[in-house]
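Asker: Provide a 3D model corresponding to the input given below.
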Amino acid sequence: MRKQLLLLSFVEGGAVMAAELCGARLLAPVFGSSLYVWASVMGITLAALAMGYFFGGYFSTNQTNRSKRLFGILMVAALFVMAMPVISHYLVPRISYLPFLVGVVLSSFTLLFLPVFFLGATSPFFISMQSTDLNDAGKVSGTVYAVSTLGGIVATFLCGFWLVPQIGLNACLLSFGLLLFVLTLIVSKTFKAVHTLILVALVYLTGQLLFKKQNQLLNSDGLLGHLEVTDERLPNGDTLRYLAINGIIQSEFLLHQPLLYKNYLALFDTLVPINKTKNKALVLGLGGGLSANILSRKKYKVEAVELDKRIIEAARNYFFLDRGVSTYDEDARYYLNHCSDTFEIVMCDVFKAEEQPGHVLTSESLNRLKKNLSSTSRLIINWHGYLSDEEGRGTAVLYNTLVQSGFNVKICSLSQQKDFRNLLFVASLTAQETLPYEINEQAAVTDLLNTDDLPRLEKLNALANKKWRANYLRYYQQKE
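Answerer: Next up is the predicted model:
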């Protein structure tokens, strides 16, 4: 078999996975990375591949100009891969004005369908051009698909562990598109001036997207998605600094009044007593480090766990994280499994944009956490504002899981507006007195638990997360 065609098949398989992985991340700043987004991305990807296979199979039967057609399809596919950052920058934000689910599906289609369609159409060409007779068809098909899949595996690990964190989504897609385009030109030996012009134009357009905005202090793609730290000038002359993951603000403060806390942090400050006995406190989900700073200011010895190392660096560089806070770059559940310390306060704030990783809050995890608590300790969990009705099903499961794990639970909030508030679950191993801003709303009734074997939180929170992001886009970013 021709090794040049196998090499092209390898790169084509890598480009498919790069397009899918990076495409989902490009949608995240507008739509998040919830179950809805991933379902849409995977569905559109599979539909594009299926139609591409059919299209390629139909046209690969004609041996006239078959090589020319293959190389043409590869170059078109490479151009669409390189155009994905441009499409996400100029078209996806405008599509987000549509209703949430319609916007997610249409954006996924606009971003992914054409590049994946043309990439998928190449596989039948590779097979037909490598087959000499019917007896070779099975072996050739298996080899081509194995090589293409191997390219996808390599690209998946490269993108996930190195390329995206190091050079970003835009540069990653541009690199795969350029590699496929240039390699196709080399194998086909068809260099033309128009090819050079196309490459220069796309490199320039995509390159414009790699520069930070003027007021952006940090702009990075990585483990949890798109991270940005931005300063916003307010009408009164003050500066609001915020850290956002996938377009949803995780931490914010007034630059000249960093101790003036907003929303749930003001309530958290009220719920945490001043430490007089050198107790320890634990923060799961550091964010900008504001809750860790509150605990540090109240004389606790603070340990903070954050999955994404970029966020730890952002907290230290841009949000004045107290130097006495010990930070750990690892998963919260993993940390708890290996921790033997006792904490007086545990703040669980593991939001990733609008989502909550349910594996941290299973019955097994909570029962393990009890070993790190004393009879006077408090576990405080930051949660979205939905408590009842259909949107509150996930909240009800969390409440029931806490109670069944042996916690006495109270819920506090500064607001009655469920679409815009945060709830703070305050859990203790002993009975608690009445707390400030304790609410009496009845949670949705359920007998379901969130366990390692049946992790229900993500599914049952999907509607709440969808509504949370839609409201955020509508009212805060004025997208709808």
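Asker: residue 370 touches residue 405, doesn't it?
Answerer: Yes. With the criterion set as C-beta atoms under 8 Å, residue 370 and residue 405 qualify as a contacting pair; they are 7.3 Å apart. For the C-beta atoms, the positions are set from N, CA and C on the backbone; glycine is no exception.
Asker: if you count surrounding residues, which of these two has more?
Answerer: More neighbours surround residue 405 than the other of residue 370 and residue 405, with 21 against 14 (other C-beta atoms under 10 Å).
Asker: need the contact list for the more buried one.
Answerer: Residue 405 sits next to 363, 366-367, 370 when contact means C-beta atoms under 8 Å, 6 or more residues apart in numbering.
Asker: what's the farthest-apart pair in those residues?
Answerer: The most widely separated members of the contacts of residue 405, counting by C-beta to C-beta, are 363 and 370 (11.0 Å).
Asker: got the contact list for stretch 323-341?
Answerer: The set of residues that contact stretch 323-341 without belonging to it, under C-beta under 8 Å, 6+ apart, is 280, 282, 284-286, 289, 292-293, 296, 301-309, 312, 315, 321, 348, 350, 357, 359-360, 365, 368-369, 371-372.
Asker: in it, which residues are buried?
Answerer: By neighbour count, and taking 16 or more other C-beta atoms under 10 Å as the criterion, the buried residues in stretch 323-341 are 325, 327-329, 331-333, 335-336, 339.
Asker: may I ask which two of these are separated the most?
Answerer: Greatest spatial distance among those (C-beta to C-beta): 325 and 333, at 20.4 Å.
Asker: where does the chain dip in pLDDT?
Answerer: With pLDDT under 70 as the threshold, the chain has low-confidence stretches at 1, 132-135, 190-214, 222-224, 353, 443-444, 472-480.
Asker: strands of that one, residue ranges please.
Answerer: With DSSP state E applied, the chain shows strands at 216-222, 225-233, 239-245, 248-254, 280-284, 301-305, 326-328, 343-348, 373-384, 408-412, 422-428, listed in chain order.
Asker: for residue 19, which of these is the nearest?
Answerer: Taking C-beta to C-beta as the measure, the strands of the chain were each checked against residue 19, and strand 216-222 came out nearest at 14.9 Å.
Asker: the closest one pairs with which strands, parallel or anti?
Answerer: With DSSP bridges as the criterion, the sheet partners recorded for strand 216-222 are strand 225-233 (antiparallel).
Asker: circling back: give me the buried subset of the contacts of stretch 323-341.
Answerer: For those, a burial check counting by 16+ other C-beta under 10 Å picks out 280, 282, 284-286, 289, 292-293, 296, 301-308, 312, 315, 321, 348, 350, 357, 359-360, 365, 369, 372.
Asker: burial check on the residue nearest to residue 260 when sequence neighbours are not counted, number of neighbours?
Answerer: Leaving out its chain neighbours, the residue that sits closest to residue 260 by C-beta to C-beta, 6 or more residues apart in numbering is residue 254, at 5.7 Å. If you count neighbours by other C-beta under 10 Å, residue 254 ends up with 16.
Asker: I figured residue 254 was touching residue 238, is that so?
Answerer: Yes. In this structure, residue 254 is within contact of residue 238 by C-beta under 8 Å, at 5.3 Å.
Asker: break this protein down into its domains, please.
Answerer: The chain breaks down into these domains under automatic domain parsing: 3-208, 225-476.
Asker: in the sheet, who's paired with the residue nearest to residue 260?
Answerer: According to DSSP bridges, residue 240, residue 257 are recorded as the beta-bridge partners of residue 254.
Asker: contacting residues around it?
Answerer: If you count contacts by C-beta under 8 Å, 6+ apart, residue 254 has them with 238-241, 260.
Asker: for residue 217, find the nearest of the domains of the chain.
Answerer: Nearest of those to residue 217, taken as C-beta to C-beta: domain 225-476 at 4.4 Å.
Asker: quick one: distance of that closest one to the chain centre.
Answerer: Going by C-alpha atoms, centre = their mean, to the nearest Å, the spacing between the C-alpha centre of domain 225-476 and its chain's C-alpha centre is 18 Å.
Asker: would you confirm that residue 91 contacts residue 110?
Answerer: Yes. Proximity of residue 91 to residue 110 meets the contact threshold set by C-beta under 8 Å, at 5.8 Å.
Asker: for stretch 449-464, which outside residues touch it?
Answerer: 34-36, 355-356, 358-359, 361-365, 384, 386, 390-395, 397-398, 400-401, 404, 448.
Asker: repeat that with 6 Å
Answerer: The set of residues that contact stretch 449-464 without belonging to it, under C-beta atoms under 6 Å, 6 or more residues apart in numbering, is 35, 358, 362-364, 384, 386, 390-391, 393-394, 397, 401, 404, 448.
Asker: also stretch 12-22?
Answerer: Contacts with stretch 12-22, where a contact means C-beta under 6 Å, 6+ apart, come from 45, 81, 115-116, 119, 122, 148-149, 151-152, 155-156, 159, 169, 172-173, 176, 180.
Asker: next: stretch 42-56.
Answerer: The set of residues external to stretch 42-56 that reach it, using C-beta under 6 Å, 6+ apart, is 20, 108-109, 112-113, 116-117, 120-121, 124-125.
Asker: buried ones in that stretch?
Answerer: Counting neighbours by 16+ other C-beta under 10 Å, stretch 42-56 gives 44-45, 47-49, 52-53, 55-56 as buried.
Asker: what residues are up against residue 311?
Answerer: The neighbourhood of residue 311, defined by C-beta under 6 Å, 6+ apart, consists of residue 286.
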